[in-house]
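Asker: sequence and predicted structure, then a few things I'm wondering about:
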Amino acid sequence: MIWLKIWAYVKKYWQLCTVIVGAVIGLLLMRRQDSSFNDQLKVIQDAHSEEIKNIQNARVEEQRQSAENEKKLKSTLAEIQTQYDAAEKTLDNDKKKEIEQIVKQCSDNPDELAKRLSASTGFVIIPPNN
């Protein structure tokens, strides 16, 4: 008989019974969670902070590497310039010696002197008219 009264009550107030059953199930499910929303939010914020820190460290490393590469470039350019200047002086000295040799060898023949100097220096030399 009591079961019939309970059944009649449940049929009449079924919405209330559904809410109560839902609340009990919700409490059971929420109670089984090991971490709360705040804990999850803290974990996400910590991960984000770590990513920001890694990005900043990478940027600092990139700037350091860029400065180091620029310093190497300037050093290499300076070294190449000094080598170029030395090679240019050597070339000028060699050219002077070659011209002196040509002048000594052909000092008595102006036409031959003009031809050889023109070939050696690349200048157009017009021999004198007699």
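Answerer: On my side now, so go ahead.
Asker: the residue at minimal distance from the centre of the chain: which element?
Answerer: The chain has Glu62 as the residue nearest its centroid, 6.6 Å off, counting by Cα atoms, centre = their mean. Using DSSP states H and E, Glu62 sits within helix 37-105.
Asker: past that helix, which element shows up next along the chain?
Answerer: helix 110-121.
Asker: name the helices or strands packed onto that following helix?
Answerer: helix 37-105 (3 or more Cβ pairs under 8 Å, 6 or more residues apart in numbering; DSSP states H and E). Using the backbone N, CA and C atoms, a C-beta is placed for each residue, glycine as well.
Asker: packing partners for the helix it packs on?
Answerer: Judged by 3+ Cβ pairs under 8 Å, 6+ apart, helix 37-105 is in contact with helix 110-121.
Asker: measure how far the helix it packs on is from the centre of its chain, please.
Answerer: Computed by Cα atoms, centre = their mean, to the nearest Å, the chain-centroid distance of helix 110-121 equals 56 Å.
Asker: what do you get for stretch 76-87?
Answerer: Using Cα atoms, centre = their mean, the offset of stretch 76-87 from its chain centre is 28 Å.
Asker: what about it, average pLDDT?
Answerer: Regarding stretch 76-87, the rounded mean pLDDT is 85.
Asker: where does pLDDT dip in the protein?
Answerer: Along the chain, segments meeting pLDDT under 70 span 32-35, 125-130.
Asker: how is it divided into domains?
Answerer: 1-32, 33-121 (automatic domain parsing).
Asker: now Leu41: how far from Gln101?
Answerer: 89 Å (Cβ to Cβ, to the nearest Å).
Asker: er, Arg59 actually
Answerer: 63 Å.
Asker: then Lys12?
Answerer: In terms of Cβ to Cβ, Lys12 sits 129 Å off from Gln101.
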